[in-house]
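**Student:** Need the 3D shape of this:
(chains A, B and C)
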Amino acid sequence: MTPGNRWTLLLIGAAAVFMVIAIVLVFGVAPDAANLTTETERYAQRIFYFHVPNWWVGFLAFLIAAASGVMYLTSEREVWDVVGLSCVEIGLTFTTIGLITGSIWAKPTWNTWWTWDPRLTTAAVGWLMYVGYLMLRDAIEHPQRRARFAAVFSIIAFLSVPVNFMAIRWWRTIHPVVIGSGSLDAQGGFALGPNIQLVFFFCLFAFTVLFAALLALRVRTEWLARRVEQVRQQVLSRG
Amino acid sequence: MIEVQSVIKAFGNRPILKGVNLNVAGGEFLTLVGPNGAGKTTLMNIISTLSRPTAGRVRVAGFDLAHDALAARRQIGMVSHKTLLYDDLSAGQNLRFFARLYDVPDPQARIEVLLRQVGLWGRRNDPVRTFSRGMQQRLAIARALLHDPPVVLLDEPDTGLDQHSAASLGDWLGQAGVARRTVLMTTHNLERALTWGHRVAILANGRIAFQADRSELNADRLRAEYDRIVTRR
Amino acid sequence: MPYLRKVLAIVAKDIAAELRTREMLSSMFVFSLLVILIFNFAFDLRADNQAALAPGVLWVAITFAGMLGLSRSFILEKDRGSIEGLLLAPVDRSAIYLGKLLGNVLFIAVVEMIILPIFIILFNLPADALPVLVGVTLLGTLGFAGVGTLFSAMVVHTRAREVLLPVLLFPVVVPVMLSSVKLTAAILDRVPLSEVQNWLSLLVAFDVIFMTLSFMLFDYVLEE
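**Tutor:** Down below sits the predicted model:
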């Protein structure tokens, strides 16, 4: 019940192609943002094309993980546990990259690597939550219990993300709110002209395909690993 | 009263119960023996609704455990090798608590009757922590019978008891009125299995390998069957 | 109503057990006092910045003490196998959640009721703020214990229980901490609550959503 060989290869191929196009678009085609003043700022702005999709993929991954959690609890079919685990691993990776790219962008723009601004703080908190997910899994030996607890935790973790997010609506932030109502204190924000929008949405798309490819790969690997373990156990118990 | 049909239980990749079929009729006392790891406690956990089988059906007192577990719990009283009691509370407090959970009518009277039957009325205000293992098991019996269940499950109740206490456990069970109920007991001790039960069954390799009425067995024959089954792979 | 009776029976049992030993309450109380003291030394709190830091200090003390209480609640049950006694009984699993939750809230609240006046005295804060402060503290405790009861039931099965519970719980209850600290600060600064209404709404919303969620998910966490 895992993505077959052909689908996986197709996804990987598609992801590779789209990502290359995305990189070309970002560095070749996309125009400079209009209102940014320094050379560094203009160049650093391009990270936006990678930074935001990173967070988008993270969000998507954690959403699917929570949904898989629900599916696992209701059906008790192992495949949902595999999907959940894979999603969290991938989501965490992208979130980490998101934090790092954000930091790289922040230095020239805000003159600091990090700030305890609410959006960043809640992002870091979210990151910690999913590291906790992996730690929880590690700490439980019983496979069904591990899957069940992981499912419960991923549901709660995901639902706490929007609640965390709400906090910034009522807190002045220096993080540019590019999508949605802006804030007076936002520094480094820029207008989304049509070309920028085009490149941006393509990147979003490319990253989503990349996510799908990675997910397919990870699910396959995990599923096969578990089946191998199952056969091993059967052989051992017969001996 | 207890119907176990083709029950399979696997933990992850390891199957423990591989298709157990067992029936205990109303009023019957069945003892189940088997080597360590055979799955006796796993089976007891399933029958007592503590865990669910991977496959198969279990009915207790007419209730299908997959759908009516809560109703089934009212019909079951269990004595385990763990006491399942609260050490810091007194015997009386423990029983009063469980009486509330089981909706026992007229709890005070019932508690007194049971405590007297197991000889613990004098210690009713002492914390369970101060009881010997034998006394704790007696209190556990009282707790199991608090709600007058038709079905009693005993999961290796003689564990941790010395020879004398283990033997008198049978007396206490009798005093508390276990005899007229449907009883399923697991134990390591073959002699006890034979003397206490109407029927004996052997659980090995995840299945019921042998069953016989007490009238058809004696200690030697049971021992021989047991050794034969357990050493066969 | 039998359901409610069973919930209360569980709470009563936990109270009775704690009254016998008083271990948990005393350790929670002493621990929170220690935290407040340590913060005093660590941050060299002088009169001017004391008022600003006070709410944070209070909530750190409450949170850490709360963690202690939460983990003990289930560890005792698991180690002596008594959770199975509960599971064998004809009790809805959700009733066990409510019973445990109420017990946890009660214990943490008892510690808070002692800590709050001490806190006000130590930091020389307006005493008439106490009633509203109590209300806000309880709201925060509900959110904290709501999810904490669920998590402690999970964590009790692991090897590194005492470490894992804070790791899992803290990130999830950040909104509770945030709102509680903001509200506490507002109360102590005599800011009218209408101005910090959004934090109050956030806190209440969190409490409702996550207690409901934990209530629904608790079943899955107790199964063998």
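
**Student:** Get me the contact residues on chain B for chain C.
**Tutor:** When proximity is defined by Cβ under 8 Å from any Cβ of the partner chain, chain B lies next to chain C at B:45, B:48-52, B:70-71, B:73-74, B:76, B:78, B:80, B:82-89, B:93, B:97-98, B:100-103, B:127, B:143. From N, CA and C alone the C-beta is placed, and that goes for glycine too.

**Student:** now, which of the residues you listed lie within helices?
**Tutor:** Cross-referencing the residues of chain B next to chain C against helices under DSSP state H gives B:45, B:70-71, B:73-74, B:93, B:97-98, B:100-101, B:143.

**Student:** between those residues, which is closest to chain A?
**Tutor:** B:N45 (13.2 Å; Cβ to the nearest Cβ).

**Student:** Next, count neighbours for that closest one.
**Tutor:** 23 (other Cβ atoms under 10 Å in any protein chain shown).

**Student:** A:V88 contacts A:G132, correct?
**Tutor:** No - if you go by Cβ atoms under 8 Å, A:V88 and A:G132 don't touch, sitting 10.3 Å apart.

**Student:** out of these two, which sits in the busier spot?
**Tutor:** A:V88 (29 against 21).

**Student:** list the buried ones in the worst-scoring helix or strand of chain C on mean pLDDT?
**Tutor:** Lowest by mean pLDDT, DSSP states H and E among the helices and strands of chain C is helix C:47-79, with a mean of 80. Neighbour-count burial for helix C:47-79 flags C:50, C:54-63, C:65-77 (criterion: 16 or more other Cβ atoms under 10 Å in any protein chain shown).

**Student:** Which one of the ones in helices among the residues of chain B next to chain C is nearest to A:A66?
**Tutor:** B:L70 (29.1 Å; Cβ to Cβ).

**Student:** The closest one: neighbour count?
**Tutor:** B:L70 has 14 nearby residues by other Cβ under 10 Å.

**Student:** Assign the nearest residue to it once chain neighbours are set aside to helix, strand or coil.
**Tutor:** Leaving out its chain neighbours, the residue that sits closest to B:L70 by Cβ to Cβ, 6 or more residues apart in numbering or on different chains is C:P90, at 5.1 Å. Recorded secondary structure, C:P90: coil (DSSP: H, G, I helix; E, B strand; the rest coil).

**Student:** what's near enough to touch C:P90?
**Tutor:** By Cβ atoms under 8 Å, 6 or more residues apart in numbering or on different chains, C:P90 lies in contact with B:70-71, B:73-74, B:101-103.

**Student:** TSV for these, including pLDDT?
**Tutor:** Shown next, in TSV, are the contacts of C:P90 (pLDDT from 0 to 100):
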residue	pLDDT
B:L70	90
B:A71	91
B:R73	93
B:R74	93
B:L101	92
B:Y102	93
B:D103	90
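
**Student:** Distance check, the residue nearest the centre of chain A against A:T208.
**Tutor:** Residue closest to the mean C-alpha point of chain A, counted by Cα atoms, centre = their mean, is A:G58 at 1.5 Å. For A:G58, the distance to A:T208 equals 12 Å [Cβ to Cβ, to the nearest Å].

**Student:** same deal with B:P15?
**Tutor:** B:P15 is 41 Å from A:T208, by Cβ to Cβ.

**Student:** Also B:A224?
**Tutor:** B:A224 is 68 Å from A:T208, by Cβ to Cβ.

**Student:** more neighbours, these two?
**Tutor:** Using other Cβ under 10 Å as the criterion, B:A224 and A:T208 rank with A:T208 on top: 16 against 11.

**Student:** longest helix in chain A, by residue count?
**Tutor:** Secondary structure of chain A per DSSP H: the longest helix is helix A:194-238.

**Student:** Can you give the distance of it from its chain's centre?
**Tutor:** Distance of helix A:194-238 from its chain centroid, counting by Cα atoms, centre = their mean, to the nearest Å, is 13 Å.

**Student:** Just name whatever secondary elements that helix is in contact with.
**Tutor:** In terms of contacts (3 or more Cβ pairs under 8 Å, 6 or more residues apart in numbering or on different chains; DSSP states H and E), helix A:194-238 is packed against helix A:5-24, helix A:48-75, helix A:78-110, strand B:14-24.
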